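Peer 1: Curious how this folds, go ahead:
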Amino acid sequence: MTLSTITKLTAATLAAGALALAGTPVQAATDSDSAAPTYQQFRAGVYVDSDGQFIVNGDEPIASESALRNYYNSMVGTTFTSEEKVNNTHLIVNRVSGRDDKWTQAAVANLTYCVSTRFGSQQTNVINAMAQGAANWESASSAVNFVYVSAQNANCNVRNNSVVFSVEPTNTTQYIARAFFPSTAKRSRNVLVNATSLMSSGSWTPGNIMGHELGHTLGFRHEHTRPEAGTCFEDNNWRPLTAYDSASIMHYPQCNGTSSNLAFTATDGAGVRALYGS
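Peer 2: Numbering: from 1, shown residues only. Now for the predicted structure:
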């Protein structure tokens with residue numbers, strides 16, 4: 001196979017620190033197959049967050065042990081054939097049970113969120129970064145509207161039903177930020193941010209980092225899982241919306257990306273319009 005099982009599973013676990021370790025690229029895929037790790041070996045290398053979710057692919061949470069095992073099984077049983085490498089030349093949307101993982105038009109027009117007061121002196125920085133990140137997607141598609149509800153900041157958590165999602169501080173330095181997909185249950189629907197790392201990530205601006213995470217909340221996958229990247233493969237549960245974009249805001253620079261700052265591109269704009277309209 002083109003991407004070995006061992007490489008895919010190793011990339012998935014190593015990528016748990018990918019957003020925080022910009023200078024440490026995940027090992028590129030090779031053409032040689034190796035023995036896949038057992039589930040127990042794979043599980044031992046996956047970071048478990050403070051809320052019990054498993055973090056794979058840098059910033060993507062998996063809610064339960066059974067879901068993590070399903071993820072492992074899909075990686076073990078999934079290959080990229082030469083034909084797929086040729087035909088998947090077309091931003092990409094996550095797929096769940098064969099359907100696009102996206103919001104309804106009514107829901108995407110009112111994505112309310114709060115920013116926890118637990119950020120303390122860093123709260124204003126996170127508020128500003130969220131606004132900058134949201135503006136990328138909103139400027140590309142008038143269908144998308146992130147709504148900041150400051151009145152809910154003092155009670156900003158996943159149990160707050162007055163907002164669609166919460167923005168809360170991490171209890172770890174394993175990553176800069178993590179997000180969720182539209183299909184995620186409300187009890188797990190938050191964006192967690194290490195505010196210190198957010199503000200000190202070199203050429204990755206705070207607004208672009210949060211724009212990347214908000215891309216996930218809209219349903220967009222990492223662009224580097226496509227075969228054209230040649231590394232950092234995740235899985236096949238996605239549908240192409242545009243031509244491959246190595247400079248996409250959804251493409252880790254350390255995974256053969258061509259942008260050093262996670263900037264939003266014209267192709268990213270085309271992708272969000274393809275999914276939600278203009």
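Peer 1: per-residue confidence at residue 12?
Peer 2: The score at residue 12 is 50. That number is its pLDDT.
Peer 1: repeat for residue 133
Peer 2: At residue 133 the predicted local confidence, pLDDT, stands at 98.
Peer 1: who's in contact with it?
Peer 2: 207, 208, 209, 210, 211, 212, 213, 214 (Cβ atoms under 8 Å, 6 or more residues apart in numbering). Heads up, the C-betas are built off the backbone N, CA and C, glycines and all.
Peer 1: just for the chain, where's the confidence low?
Peer 2: Of all residues in the chain, those with pLDDT under 70 make up the ranges 1-36, 39-40, 66, 69-70, 73-90.
Peer 1: so where's the longest helix in it?
Peer 2: Secondary structure of the chain per DSSP state H: the longest helix is helix 123-140.
Peer 1: immediately after it, which helix or strand?
Peer 2: Next helix or strand after helix 123-140 toward the C-terminus (DSSP states H and E): strand 146-148.
Peer 1: what's in contact with the helix or strand following that next one?
Peer 2: On the C-terminal side of strand 146-148, the closest following helix or strand by DSSP H and E is strand 165-169. Outside strand 165-169, the residues within contact range by Cβ under 8 Å, 6+ apart are 111-116, 118-119, 122, 126, 130, 156-158, 160, 180, 189-195, 217.
Peer 1: let's go with 7 Å and repeat that
Peer 2: 113-116, 118-119, 126, 130, 156-158, 160, 189-193, 195, 217 (Cβ atoms under 7 Å, 6 or more residues apart in numbering).
Peer 1: Quick one: work out the angle between that strand and helix 123-140.
Peer 2: Strand 165-169 and helix 123-140 meet at an angle of 140 degrees, taking axes from the mean of the first three to the mean of the last three Cα atoms, to 10 degrees as the criterion.
Peer 1: which of the residues in strand 165-169 are buried?
Peer 2: Of the residues in strand 165-169, 165, 166, 167, 168, 169 count as buried by neighbour count, 16 or more other Cβ atoms under 10 Å.
Peer 1: Pull up the pairing partners for it, direction included.
Peer 2: Paired with strand 165-169 in the same sheet, following DSSP bridges, are strand 111-115 (parallel), strand 190-193 (parallel).
Peer 1: Now, of the contacts of strand 165-169, which are buried?
Peer 2: When the contacts of strand 165-169 are checked for burial by 16+ other Cβ under 10 Å, the buried set is 113-116, 119, 126, 130, 156, 158, 160, 189-193, 195, 217.
Peer 1: Any idea what residue 178 is bridged to?
Peer 2: For residue 178, the beta-bridge partners are residue 192 (DSSP bridges).
Peer 1: Could you report the neighbour count for it?
Peer 2: Using other Cβ atoms under 10 Å, residue 178 has 25 other residues around it.
Peer 1: Now do the same contact list for it.
Peer 2: Shown in contact with residue 178 (Cβ under 7 Å, 6+ apart): 55, 59, 61, 192.
Peer 1: Could you rerun that using 6 Å?
Peer 2: The contact partners of residue 178, by Cβ atoms under 6 Å, 6 or more residues apart in numbering, come to 59, 61, 192.
Peer 1: ditto for residue 159
Peer 2: Contacts of residue 159 were listed using Cβ under 6 Å, 6+ apart, and none were found.
Peer 1: From residue 153, how far out is it?
Peer 2: Applying Cβ to Cβ, to the nearest Å, the value for residue 159 to residue 153 is 14 Å.
Peer 1: Which helix or strand contains residue 212?
Peer 2: When elements are defined using DSSP H and E, residue 212 is found to belong to helix 206-217.
Peer 1: hang on, I meant residue 61
Peer 2: In the assignment (DSSP H and E), residue 61 maps to strand 60-62.
Peer 1: That strand pairs with which strands?
Peer 2: Strand 60-62 pairs in its sheet with strand 54-56 (antiparallel), by DSSP bridges.
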